[in-house]
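>>> Quick one, fold the following:
(one chain, ligands or ions: 1)
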Amino acid sequence: MTALGNNAPIGVFDSGVGGLSVLRAIRSKLPNENLIYIADSGNAPYGDKDAGFIAERATEITQLLLTSGAKAIVVACNTVSVVAIEHIRSWCPVPVIAIEPAIKPASQHTKIGVIGVLATRQTIASPSVARLCEAHGKHIKILLQPCPGLVEQVEKAELLSDATRALLVQYISPLLAAGADTLVLGCTHYPFLTPLIRDIVGPDVTIIDPALAVAQQVARRLGDQLASPAQAQPTNAQFYSTAAEEQASAIISALWGQKVTVQGIN
Ligand code: DGL
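The predicted structure follows:
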């Protein structure tokens with residue numbers, strides 16, 4: 001690949017704004033890379049939709065990122081990863097990096113032997129999660145907790161509201177009552193709720209967000225051949241959303257931590 005090719009962007013997408021938690025880890029691990037992010041917020045949440053719809057959206061968005069010149073695709077959505085990753089990898093000509101609930105690291109971390117997994121309904125019910133539980137749950141208890149409604153709260157940037165807290169308490173309390181000492185954030189929207197989750201679980205429960213591990217995997221897959229050289233110019237991040245532009249710009253700016261202009265797409 002030419003030097004220009006190395007400067008091609010990494011394409012990252014999610015059902016909505018949650019994947020920004022992965023994007024910020026990629027930005028911090030790979031500061032020389034240009035980034036394109038697509039939020040399918042107009043169709044979020046994916047977690048309650050059927051697998052066919054999710055696979056179709058994931059295919060269309062991946063194609064759009066490739067058309068924009070992406071040199072690698074990061075599926076910053078657990079739900080898409082568990083439903084459609086094999087399909088995307090079967091035809092996508094560039095490296096595809098996926099995310100999955102961090103059940104393995106949590107199983108290695110727990111001292112008590114009880115972990116809780118927070119994720120969407122689709123993720124919790126997926127064969128991928130069943131496989132992870134089978135592989136890493138022999139000597140520990142894994143409590144799987146679907147969390148309908150949480151993605152919507154993050155999409156509204158309600159990160160600290162009473163309604164969000166009430167949902168979190170509802171989902172987390174049974175896990176704490178069962179003795180969980182480690183919580184897996186199995187949806188990329190949930191890291192934005194970490195301050196509330198920490199407040200609910202207290203200081204002794206470990207919260208695992210796999211975003212940094214994904215960024216490290218992106219770095220490995222780029223290797224020397226695809227990695228961008230040190231930039232004289234500041235790198236850019238472009239944002240697209242299927243939600244209304246003004247609303248998307250406000251929410252993405254708030255979560256990204258800097259004012260950005262989001263372009264609307266269908
Ligand atoms: N951020 C997505 C995930 O990691 C949320 C999916 C949804 O929209 O329900 O699963």
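
>>> list the buried ones in stretch 75-93?
Judged by neighbour count (16 or more other CB atoms under 10 Å), stretch 75-93 contains these buried residues: 75-85, 88, 92. C-beta coordinates here come from the backbone N, C-alpha and C atoms, glycine included.

>>> nope, stretch 190-203 is what I was after
By 16+ other CB under 10 Å, the buried positions in stretch 190-203 come out as 190-193, 196-197, 200-201.

>>> I'd like the residues you listed laid out as CSV, including distance to the ligand and pLDDT.
As requested, those are exported to CSV (distance: CB to the nearest ligand atom, whole Å; pLDDT from 0 to 100):
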residue, distance to the ligand, pLDDT
190, 8, 98
191, 10, 98
192, 10, 98
193, 12, 98
196, 17, 98
197, 15, 98
200, 20, 98
201, 20, 98
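
>>> give the contact list for residue 255.
Contacts were defined as CB atoms under 8 Å, 6 or more residues apart in numbering; by that measure residue 255 touches 17, 20, 157, 192.

>>> Looking at those, spot the one nearest residue 173.
Nearest to residue 173 among the contacts of residue 255, counting by CB to CB, is residue 192 at 20.5 Å.

>>> hang on, the closest one packs against residue 19?
No: here residue 192 lies out of contact with residue 19, judged by CB atoms under 8 Å, at a distance of 10.9 Å.

>>> before we move on, the earlier item: can I get the buried residues of stretch 190-203 in JSON lines including distance to residue 119 and secondary structure?
Listed next are the buried residues of stretch 190-203 as JSON lines, based on distance: CB to CB, whole Å; DSSP: H, G, I helix; E, B strand; the rest coil:
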{"residue": "190", "distance to residue 119": "8", "secondary structure": "helix"}
{"residue": "191", "distance to residue 119": "13", "secondary structure": "helix"}
{"residue": "192", "distance to residue 119": "15", "secondary structure": "helix"}
{"residue": "193", "distance to residue 119": "13", "secondary structure": "helix"}
{"residue": "196", "distance to residue 119": "17", "secondary structure": "helix"}
{"residue": "197", "distance to residue 119": "14", "secondary structure": "helix"}
{"residue": "200", "distance to residue 119": "17", "secondary structure": "helix"}
{"residue": "201", "distance to residue 119": "17", "secondary structure": "helix"}
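
>>> And the residues you listed, which two are furthest apart?
Largest separation among those by CB to CB: 192 and 201, giving 16.0 Å.

>>> And the buried ones among the contacts of residue 255, selectable in ChimeraX?
Buried members of the contacts of residue 255, defined by 16+ other CB under 10 Å, are picked up in ChimeraX with:
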select :17,20,157,192
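
>>> May I ask which of the contacts of residue 255 comes out lowest in pLDDT?
Note: of the contacts of residue 255, the lowest pLDDT belongs to residue 157, at 95.

>>> Return the residues in contact with that residue.
By CB under 8 Å, 6+ apart, the residues touching residue 157 are 250-251, 254-255.

>>> do residue 20 as well
14, 37, 39, 76, 192, 252, 255-256.

>>> quick one: which of the residues you listed is nearest the ligand?
Lowest distance from the ligand to the contacts of residue 20 (CB to the nearest ligand atom) belongs to residue 14, with 4.9 Å.

>>> is the closest one in a bridge, and if so with what?
When assigned by DSSP bridges, residue 14 has beta-bridge partners residue 39.

>>> tell me, how many neighbours does it end up with?
Number of residues near residue 14 (other CB atoms under 10 Å) recorded here: 31.
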